[in-house]
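In: Sequence first, predicted coordinates after that:
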Amino acid sequence: MRVSPASVPNELRYGSPPYGRAPVAPTPWWARPSGIAIIVAAWAVVHALVAIWLESAINVDDAIESYLVQSFQVSYVPRNPPLFDWVLYGLLWLFGPGPLPYAILRYSLLFTCAILVYRVARQVIADPRLQALAVFSLSLLWVVGYHSHRILTHSNVMIVAIAGSFLTLTALSRRPSAWLYAGLGGWIAFGLLGKFGFLPFLGVLVISSLFEPSFRRALLNPGILLTVLVAAVPLGGYALALYLLKQDVVAATAEVVGPSADATLGHVLDSFAGAWVGYLLPFIALAAAVFLPLNRGEDALPSTPERAAPRHVLRTMIVLGTVGTLVGALAVGSTSLRDRYFHVFFLLSTVYVFAELERLGGWQTRVKLYLGVLLAVAVGVVGVRAAVTLWPDSRLCGRCVSAEPLKSLRPAIDFQLGTAPTLVADDRMSAGRLKAAIPNARVVIVHETGYRPPARPATGCARISGIANGLGNFTLPKSDGTSIDLWFKWWGPLLRPRRQSLWQITPLKADDPLCR
């Protein structure tokens, strides 16, 4: 007698343990914990190799951190907390200058985030294949799958804390313990020392949890006092440092997300819609295109109370985050919303979508198709990153900062200014990129109102100006006759004609105020 899979009770197909851990049918290798770890690690290593071997200069956000970590500071700038810079400073001390420390930090954070998201998925989704797809689909959230390689620093710390906090609170909702409450406090401190954007996540997480009985009991348990205590110690020390250093976090944040001069209703709504949709694309579109057409709901798996609770919290977070952000943007009149700001509400959206798809059914025959889509997009992103160096055309990458041959400056700097020069740049991005390309230099900025690297004996001093990323962007300062102009063609072997950069080195006296 033949028995169809649909006639087998769910408890036999997926086992009786809470939240369904082990289906009777063999789990494919890519959906096992070891397979997921190997795939995510391979993804991280490939991107790290692109950054280390192909890219000839660091990107914009990395450049700003490169400038700041020329010394260790308790707090660098009020806009961002210092955890990312502390870790980067230590890695630069351990591994020396160059792209390696930046790659180690970035891909360690992204790998850790993916593994934590997998642990969350195991609490919400029964089938291991859907658990794996929820993790792999992070690469289809464009902010994670593309922007995290290019422009994000502190945000990569924050997403680790978001996944870790939700996982720990989910565990507390099932089995409270002092260690878990202390761990939640550690995640809160980690998140707020990583990026201030963690605060709205924490607020929405608490509010959403109050609507779900098991999560509400976890929050109202006296053990939450241990969470507050553990978080308060490092955060209190940091708050004291901000007070003593007179760094105004509120004012610095308002400069980023405060009122906009052109804040008409239409502009605010356009900014909100672009950021909201931009975060979820192309994931939500590709998942819908693969799994929804002609879906008959076969093999739908009803949820259990333990899986339903975190799923409900995730759903409430997505709704509250959407409504709250819209109301806030309209009230403030801000048109500066960016897709990456929705990390705090939508990072775990892939877990929520596949949890709902498991309840909907009709997905089992489409898994291979979706895996093919994931692979195609992942390979495409790697190809684009490689192409930026091989073919740095402005139509592909605009300014193409990672392909500029800044290291070509080093021989001229060493010859003209010695082995320990002080270089003066026009802005933080230029200063940080110069520091990464010429690591033996101390790099300062012409007009700096915040952080300034500590003074040290210098073998020479010069101002470095240049038309970054090809000709025609802006003119060089007027030369006083002592300046040296250096032309360099970009490597870009597939680009014809090749792009060029022109840099101007203007020697300064050692007692010049700019050099101090």
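Out: Nice, thanks for sending it over. Remember, predicted model here, so these are calculated numbers, not experimental data.
In: Run a quick neighbour tally on residue 447.
Out: Counted by other C-beta atoms under 10 Å, the residues lying close to residue 447 total 7. The C-beta positions use only the backbone N, C-alpha and C, and glycine is treated the same way.
In: Report the secondary structure state of the residue nearest to the spatial centre of the chain.
Out: Nearest residue to the geometric centre of the chain (C-alpha atoms, centre = their mean): residue 156, 3.2 Å. What DSSP: H, G, I helix; E, B strand; the rest coil gives for residue 156 is helix.
In: Retrieve the pLDDT associated with it.
Out: If you check residue 156, the pLDDT there is 95.
In: In contact with it, which residues?
Out: Applying C-beta atoms under 8 Å, 6 or more residues apart in numbering, we find residue 156 in contact with 84, 106, 109, 110, 113, 148.
In: What of residue 397?
Out: 388, 403.
In: Which residues are in contact with residue 26?
Out: Neighbouring residues of residue 26 by C-beta under 8 Å, 6+ apart: there are none.
In: One more: the one 4 residues further on?
Out: Under the criterion of C-beta under 8 Å, 6+ apart, the contact list for residue 30 reads 36, 39, 132, 371.
In: can I have stretch 378-397 written out in CSV, keeping just the CAs?
Out: C-alpha atoms of stretch 378-397 as CSV (Å, rounded to 0.1, in the frame of the first residue of the first chain):
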residue,chain,number,x,y,z
ALA,A,378,25.0,36.1,-5.3
VAL,A,379,27.3,35.4,-8.2
GLY,A,380,26.1,38.5,-9.9
VAL,A,381,27.0,40.7,-6.9
VAL,A,382,30.5,39.2,-6.8
GLY,A,383,30.9,39.8,-10.5
VAL,A,384,29.9,43.4,-10.2
ARG,A,385,32.4,44.0,-7.4
ALA,A,386,35.1,42.4,-9.5
ALA,A,387,34.0,44.4,-12.6
VAL,A,388,34.4,47.7,-10.7
THR,A,389,38.1,47.2,-10.7
LEU,A,390,38.4,45.5,-14.1
TRP,A,391,36.1,47.9,-15.8
PRO,A,392,35.7,51.1,-13.7
ASP,A,393,33.3,52.8,-16.0
SER,A,394,31.2,55.6,-14.4
ARG,A,395,28.0,54.0,-15.8
LEU,A,396,28.8,50.9,-13.7
CYS,A,397,30.0,52.4,-10.4
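In: what about that stretch, average pLDDT?
Out: For stretch 378-397, the mean per-residue pLDDT is 89.
In: do stretch 113-131 as well
Out: What stretch 113-131 shows for mean pLDDT is 97.
In: quick check, distance from that stretch to the centre of its chain.
Out: Centre-to-centre, stretch 113-131 and its host chain are 20 Å apart (C-alpha atoms, centre = their mean, to the nearest Å).
In: same thing with stretch 197-206?
Out: Centre-to-centre, stretch 197-206 and its host chain are 17 Å apart (C-alpha atoms, centre = their mean).
In: Next, the buried residues of it.
Out: For stretch 197-206, burial by neighbour count (16 or more other C-beta atoms under 10 Å) applies to 197, 198, 200, 201, 202, 204, 205.
In: if we can go back for a sec, put the buried members of the contacts of residue 156 into a ChimeraX selection.
Out: Burial among the contacts of residue 156 is assessed by 16+ other C-beta under 10 Å; the matching ChimeraX selection reads:
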select :84,106,109,110,113,148
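In: can I get the contacts of residue 156 in CSV with distance to residue 342?
Out: Written out in CSV, the entries for those read as follows (distance: C-beta to C-beta, whole Å):
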residue, distance to residue 342
84, 20
106, 20
109, 18
110, 17
113, 15
148, 14
